[in-house]
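Undergrad: return a 3D structure for these sequence lines:
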Amino acid sequence: MAARELILGSPEQIKARFPKLDARQIAGLAGFGRQRNAQAREVILERGDLHHGIFVVLSGRVEVLRVSAEGETVLHVLDRGEFTGDVNLLSGRGTLVRAKALEASTLLEIDRANLRQIMQTDTALGQIFLNAFLLRRVFLISNSVGDAVLIGSNHSSDTLRLREFLSRNGQPHTYLDVETDPEVQTVLDQFGVPLADTPVLICRGTVALRNPSNSEVAACLGLNAGIDQSDVSDVVVVGAGPSGLAAAVYGASEGLRVLVLERNAPGGQAGSSSRIENYLGFPMGISGQELSNRAFVQAEKFGAHIAIAQSAKGLKTTHPPYTVELDDGGSARGRTVIIAAGSRYRRLDLPNLSQFEGVGVYYGATHVEATVCRDEEVAVVGGGNSAGQAAVFLADTAKHVYLVVRGPCLAKTMSRYLISRIEASPRITLMAWTRIEALEGDTRLKRVRLHNTKTGVSETRDIQHVFMMTGADPNTEWLRGSLALDAKGFIKTGAEVQDGWPLRRPPYLLETSLPGVFAVGDIRAESVKRVASAVGEGSMVVQFVHKVLAE
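TA: Numbering: from 1, shown residues only. Below is the predicted model:
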């Protein structure tokens, strides 16, 4: 592949990514590491290394290098007081760059355990390291500096799935479109892969996975490196949405051994929100992905382990430690369990809906989908806040957005600030009393037939992209027979599970019908479907976990 030009940024941005520790700070780190000498041209850090810590330069200079098929590209030269590393250090994943001594150098090597201790006990140094790591990861993503290349088509549902999986997990990668990128055939020929086998993910420049599952991608890229699921955790959290991540942050920060199982990517349904503007403390708004990425790093900073592409399929409920069975045949055991698996948007009752899912029908509006439907007409179905956020977001890039709702208006289901934005946008049309009657197309969606229930009139529009955000169903199929559910499938907790409760003490507020198993967030019956309330439940459930562990 031809080398892609790197956007290094302004001197101020480079300085922020590579801050320089002063003599006092270096002296304070001495007790956490060991000195080592490196010869000129010696590689001290290799791409993919799973066992590295950070290196602080005491004397000499060290190059940080991007590695590609064309060779090495210098990203930065570290001088005295500067250090290596990015957020992969917190998760145990492999490094994405190579580091090489430019000349004879003396380094202070600090392993991951000591780095985590520094970040938890020294506020000033912890802030310096964490801020640099986050900025470096943003740079790596924006410049596709990594060990993954995805080859596919914007008209392929599996390509969209893989792009979303990589993007939402913050995995830097290069995307090559088979219809527009002239390099595609050359790359495929190198690996002996025919065009018909796309999408293809090339890992580490050596392995070509043909239409891999998310779990296969996670394994190839080492997203779960360093996680031993055979251990018995104090708490296993199922789901890394806002409530699950909050539980992980508070549990790990209070010394609990926390394992989080996430079937797709951190953030859950909220992670696909283009912008959340009513979350406390963010007056300018924040995207669901940015919020979840921050929470993910925060949880790992305190020592929580987060396993990606791990789907729960059953809960063994005989006695603690409880076992969460996984769909890949594995399992995870915990003295307590927090169910935070959330909900999913309801599927419309249309006979050919599955034919167009991922190729015209979507359940989230992220930058990936916005790119696919640029300068085209789209429809957003739903009258809640998620639908409103999607409509406003897509109006920036789409030719026109039709907001399709079954009722007469948005007043009862959507926040006023979103309604005002929609009413003020000339690129959004509200279609009240309307439902989708049919989807038409072949390999991808071409047209949508809309029916007005008030006038009885149907019309067909050349809309090739539909975003479904209509209500929510809980992700509880795997829990039937294990926990008490309400008529809609949501998990009952607290006073709702008094009947048949097996212990002398009453169930705690967020406790399910099984002692020591809790439910938080959207999956819980009668919960408030807001990000803030989900975070609140995930935060306070840890206090109940402590009580159970002390029994």
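Undergrad: packing partners of the helix or strand bottoming out on mean pLDDT in the chain?
TA: Every helix and strand of the chain was ranked by mean pLDDT, DSSP states H and E. The lowest is helix 88-91, at a mean of 86. Using 3 or more CB pairs under 8 Å, 6 or more residues apart in numbering; DSSP states H and E as the contact test, the elements touching helix 88-91 are helix 112-121, helix 288-301. Every C-beta, even on glycine, is put in place using the N, C-alpha and C of the backbone.
Undergrad: now these in TSV, with mean pLDDT and mean neighbour count?
TA: Output for the helices and strands packed on helix 88-91, formatted as TSV (pLDDT from 0 to 100; neighbours: other CB atoms under 10 Å):
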stretch	mean pLDDT	mean neighbour count
helix 112-121	92	16
helix 288-301	93	22
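Undergrad: how about these in TSV, adding distance to residue 460?
TA: Putting the helices and strands packed on helix 88-91 into TSV (distance: least, CB to CB, whole Å) gives the following:
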stretch	distance to residue 460
helix 112-121	57
helix 288-301	33
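Undergrad: list the contacts of residue 474.
TA: By CB atoms under 8 Å, 6 or more residues apart in numbering, the residues touching residue 474 are 341, 342, 343, 485, 488, 489, 490, 491, 522, 523.
Undergrad: recalculate using a threshold of 10 Å.
TA: Contacts here follow CB atoms under 10 Å, 6 or more residues apart in numbering; on that basis residue 474 touches 339, 341-344, 485-486, 488-491, 519, 521-525, 527.
Undergrad: quick one: it and residue 219, what's the gap?
TA: From residue 474 over to residue 219 the distance is 28 Å, taken as CB to CB, to the nearest Å.
Undergrad: and for residue 147?
TA: Separation of residue 147 from residue 219 (CB to CB): 14 Å.
Undergrad: how about residue 17: what's its closest non-neighbour residue?
TA: residue 135 (4.6 Å; CB to CB, 6 or more residues apart in numbering).
Undergrad: burial of that neighbour, as a residue count?
TA: Residue 135: 18 surrounding residues under other CB atoms under 10 Å.
Undergrad: can you check the one 4 residues further on too?
TA: Neighbouring residues of residue 139 were enumerated by other CB under 10 Å; the total is 21.
Undergrad: what's the answer for residue 133, then?
TA: 23.
Undergrad: OK, contacts around it?
TA: Residue 133 neighbours (CB under 10 Å, 6+ apart): 17, 54, 83, 85-90, 115, 119, 297, 301.
Undergrad: farthest pair in the residues you listed?
TA: Using CB to CB, those span at most 18.4 Å, a distance reached by 17 and 301.
Undergrad: what about the strands in the stretch 51-200 of the chain?
TA: Shown for the stretch 51-200 of the chain, the strands assigned by DSSP state E, counting those that start in this stretch span residues 54-59, 62-68, 71-78, 98-101, 105-110, 148-152, 174-177, 200-203.
Undergrad: so for the second one, mean pLDDT?
TA: Spelled out, that is strand 62-68. For strand 62-68, mean pLDDT is 93.
Undergrad: same question, the last one
TA: Averaging pLDDT along strand 200-203 yields 94.
Undergrad: and that strand, how far from the chain's centre?
TA: Mean-position distance between strand 200-203 and its chain equals 20 Å (CA atoms, centre = their mean, to the nearest Å).
Undergrad: direction included, what does it pair against?
TA: Next to strand 200-203 in the sheet, as set by DSSP bridges, lie strand 148-152 (antiparallel), strand 207-210 (antiparallel).
Undergrad: same deal with the second one?
TA: Here the strand partners of strand 62-68, with direction, are listed using DSSP bridges: strand 71-78 (antiparallel), strand 98-101 (antiparallel).
Undergrad: no further questions, thank you.
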